[in-house]
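In: Next come a sequence and a model predicted from it.
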2 protein chains.
Amino acid sequence: MDLNPETFWQGLVEHKLVIPVRVQGAFGRGPVFEDVLEHVNAAITTLSAADGAEVYTFPPVIDRQIIEKTDYLDSFPHLAGTVFSFFGKERQAKELSERVHAGQPWADLQGMTDVCLNPAACYPLYPTMTGTLPANGRLVTMTNWVYRHEPSPEPTRMQSFRVREFVKAGEPDAVVAWRDQWLDRGVTLLRELGLPANPDVAADPFFGRAGKILADGQKAQKLKFEVLVPVISADNPTAVCSFNYHQDHFGSVFAIKTADAATAHTACLGFGLERVVMALFRHHGFDPTAWPHAVRARLWP
Amino acid sequence: MDLNPETFWQGLVEHKLVIPVRVQGAFGRGPVFEDVLEHVNAAITTLSAADGAEVYTFPPVIDRQIIEKTDYLDSFPHLAGTVFSFFGKERQAKELSERVHAGQPWADLQGMTDVCLNPAACYPLYPTMTGTLPANGRLVTMTNWVYRHEPSPEPTRMQSFRVREFVKAGEPDAVVAWRDQWLDRGVTLLRELGLPANPDVAADPFFGRAGKILADGQKAQKLKFEVLVPVISADNPTAVCSFNYHQDHFGSVFAIKTADAATAHTACLGFGLERVVMALFRHHGFDPTAWPHAVRARLWP
């Protein structure tokens, strides 16, 4: 069952599903890979068609204050990507050019901008929710590019990837019930796609020694679930969906109130689209025209 | 004819076409905005269906060596976005956390990563073309998110936006003929969409005093064309398409050879998808259901 990551990568490359680049986790995607990804995303849309979610799209860069205000840098300083640029005049530009051409370091000629890379598809949404929610709360879906600074030769661990996200904001009970409903939906969809998917309680990859305590608390409270599919390893299956119940964290930071003036609770769930696609190639082969009929019928109805 | 940028922005916001955020040029897009954008992109795909372009997708972050090797930082140091992250241990993480919570600067606790933001949709493609091209060269199309560090309250000047790009690599004559064909196609499509589009020779926004000389040379050689549509101002119309003939620049840097072993020439063209969409809202109103029949028929055939 287990697969050398390098072997899987070579298969993806040889079938032109991915286009290799010099840096890890930032490869290009070929047309067949994208076609599968679009149809996985469309199947998720169909699942949720009756829910009436608002559909937003956010760019890959977001207001840097969002990661500052939400304690993201306490929990995941090592994963955050910040955007720097050049703020100098002619003289500094000349020095920048000379250093770049000489192969010398030039990081000190860059300054921090007001934007950072989006670390999780839902982050740009919360500040736009400040105020009072409608009586039934709000439900929003997005497909956004997210960034994690974790270069790796393992194909499913990317620096840059797309997440199909749903966010529910409202009363605690409604938010938890909604999260539970989607956990069933996610597992069902993935199994219908022929993937050996299983849900499990999970924890985020918190930084440092204190991170272990945070992760244990998160697991004990069952705040995070994942749906896992073996891609590289049966013992360490890949998380292809993630479900996070934030309680009142984002509601407090961004002053999001329920109709009866309580601090709103929020939960989000995301399908890692590239990971679902890779799991399909891993389990059904590199040529989608040869996939089992039921899987093809589910994706190209 | 002229329009206060703030008035146009308010119209986009009031009609929920864009979702305002605190920083400039990084706003969210609503479902109607995205629907128009997808159909503009599909119309471009239809235009080029017979050309047999290879379809790639690259993430918003790319190998930093690409901007170092291509002299991008000589020409546009002020527009480039580089990705920084945290490389420290426990002690530095504690300091980062304390500074962030105290509202103090923390840029010096970030280090440069191996990736930067993609400054132009075609950049990640060139290094993947190293080697010898087929006899007729290569044609590739992509829809990628690009970044420019130019925050502005003017809606069409964004930090992060999508470009539908085409790249041709091959013999100089074939590349130039292809570019000219697309200049006609672009103007025709935009006029069919009811937009007062006109092509013009153009220059890039090169940095600094030497930039003026570079821009004059680029114009004299007619290396860059744009298709312009008035959105905010009749005197300063907005570039919605850009056509760049690079001669042998990328071919030399990345050792791209024609079938007869000469250095390949390249040209690219890009539709600024958000700008085309905004031009449509500017000229036909904020409600696409009320747009002229011919425009609707062209976009939703």
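Out: Structure received.
In: Any idea how many residues pack against residue A:211?
Out: 18 (other C-beta atoms under 10 Å in any protein chain shown). Placement of C-beta: from N, CA and C, glycine included.
In: And for residue A:222?
Out: Using other C-beta under 10 Å, the number of residues around residue A:222 comes to 11.
In: now do residue A:133
Out: By the other C-beta under 10 Å criterion, the neighbourhood of residue A:133 contains 17 residues.
In: Tell me how far the most centrally placed residue in chain A lies from residue A:275.
Out: Closest to where the C-alpha atoms of chain A average out (C-alpha atoms, centre = their mean) is residue A:163, at 4.3 Å. In this structure, residue A:163 and residue A:275 are separated by 10 Å, where distance is defined by C-beta to C-beta, to the nearest Å.
In: Also residue A:233?
Out: Residue A:233 sits 14 Å away from residue A:275, taking C-beta to C-beta as the criterion.
In: Between these two, tell me which one has more neighbours.
Out: Of the pair residue A:233 and residue A:275, residue A:275 is the one with more neighbours under other C-beta under 10 Å, namely 22 against 13.
In: so how far is chain B from the more buried one?
Out: Using C-beta to the nearest C-beta, to the nearest Å, we find residue A:275 at a distance of 14 Å from chain B.
In: same check, this time on residue A:286
Out: Distance from residue A:286 to chain B, counting by C-beta to the nearest C-beta: 17 Å.
In: Just to be sure, that residue is in a helix?
Out: No - under the criterion used here (DSSP: H, G, I helix; E, B strand; the rest coil), residue A:286 is coil, not part of a helix.
In: Leaving out the residues flanking it, which one is nearest to it?
Out: Using C-beta to C-beta, 6 or more residues apart in numbering or on different chains and skipping the chain neighbours, the partner closest in space to residue A:286 is residue A:15 (4.1 Å).
In: Kindly state the neighbouring-residue count (a burial measure) for the one you found.
Out: Neighbouring residues of residue A:15 were enumerated by other C-beta under 10 Å; the total is 16.
In: Contact partners for it?
Out: Neighbouring residues of residue A:15 by C-beta atoms under 8 Å, 6 or more residues apart in numbering or on different chains: A:32, A:286-287.
In: cool, residue A:136 as well?
Out: A:170, A:174.
In: Before we move on, what's the pLDDT of residue A:2?
Out: If you check residue A:2, the pLDDT there is 76.
In: Name the SS class of it, please.
Out: Residue A:2 is classified as coil under three-state DSSP.
In: Read off the pLDDT value for the closest residue to residue A:208 other than its chain neighbours.
Out: Taking C-beta to C-beta, 6+ apart, and ignoring the residues beside it in sequence, residue A:208 has residue B:90 as its nearest neighbour in space, at 5.1 Å. Residue B:90 is assigned a predicted lDDT (pLDDT) of 95.
In: Run a quick neighbour tally on residue B:90.
Out: Residues lying near residue B:90 (other C-beta under 10 Å) number 11.
In: Would you mind measuring from it to residue A:210?
Out: 9 Å.
In: who are the neighbours in contact with the closest residue to chain B within the stretch 201-301 of chain A?
Out: For the stretch 201-301 of chain A, the residue closest to chain B is residue A:208, as judged by C-beta to the nearest C-beta, at 5.1 Å. For residue A:208, the set of contacting residues under the criterion of C-beta under 8 Å, 6+ apart consists of B:89-90, B:93.
In: The residue nearest to residue A:208 touches residue A:211, doesn't it?
Out: No - counting by C-beta atoms under 8 Å, residue A:211 is not a contact partner of residue B:90; they are 10.0 Å apart.
In: could you pull out the helices for the stretch 101-250 of chain A?
Out: A:172-192, A:208-220, A:249-253 (DSSP state H, counting those that start in this stretch).
In: right, so these: which one is the most enclosed?
Out: With neighbours taken as mean count of other C-beta atoms under 10 Å in any protein chain shown, the helices of the stretch 101-250 of chain A reach their highest mean count in helix A:249-253, at a mean of 19.
In: Alpha carbons of that one, in PDB - could you do that?
Out: What follows is helix A:249-253, C-alpha atoms only, in PDB (Å, rounded to 0.1, in the frame of the first residue of the first chain):
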ATOM      1  CA  HIS A 249     -12.700  33.300  18.600                       C
ATOM      2  CA  PHE A 250     -13.400  35.100  15.300                       C
ATOM      3  CA  GLY A 251     -16.700  36.500  16.600                       C
ATOM      4  CA  SER A 252     -14.800  38.200  19.500                       C
ATOM      5  CA  VAL A 253     -11.900  39.500  17.400                       C
END
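In: contacting residues around that helix?
Out: Contacts of helix A:249-253 from elsewhere in the structure, counted by C-beta under 8 Å, 6+ apart, are A:69-70, A:126, A:169, A:256-257, A:263-266.
In: Which of these fall in helices?
Out: Assignment to helices by DSSP state H places the following of the contacts of helix A:249-253 there: residue A:69.
In: From chain B, how far off is the residue of chain A most remote from its centre?
Out: The centre of chain A is farthest from one residue, residue A:91, which by C-alpha atoms, centre = their mean lies 40.8 Å away. In this structure, residue A:91 and chain B are 10 Å apart, going by C-beta to the nearest C-beta.
In: In a helix, that residue, correct?
Out: Yes - note on residue A:91: a helix contains this position according to three-state DSSP.
In: Mind checking which of the contacts of helix A:249-253 land in strands?
Out: Secondary structure of the contacts of helix A:249-253 is defined by DSSP state E; positions in strands are A:169, A:256-257, A:265-266.
In: Quickly check the residues you listed for the two that are furthest apart.
Out: Spatial extent of the ones in strands among the contacts of helix A:249-253 (C-beta to C-beta) is set by the pair A:257 and A:266 at 12.1 Å.
In: the more surrounded of those two?
Out: Neighbours were counted for residue A:257 and for residue A:266 using other C-beta under 10 Å; residue A:266 has more, 26 against 16.
In: quick one: the more buried one and residue A:171 touch, right?
Out: No - distance between residue A:266 and residue A:171: 11.0 Å, which falls outside the contact criterion (C-beta under 8 Å).
In: Is residue A:245 in contact with residue A:175, as I believe?
Out: Yes - counting by C-beta under 8 Å, residue A:175 is a contact partner of residue A:245 at 6.9 Å.
In: Need the overlap of contacts for these two.
Out: Contacts common to residue A:245 and residue A:175, judged by C-beta under 8 Å, 6+ apart, are A:265, A:267.
In: In contact with the closest residue to residue A:148 other than its chain neighbours: list those residues for me.
Out: Counting by C-beta to C-beta, 6+ apart, residue A:148 lies nearest to residue A:79, which is 4.6 Å off, once chain neighbours are set aside. By C-beta under 8 Å, 6+ apart, the contact list for residue A:79 reads A:119, A:148-150, A:205, B:85.
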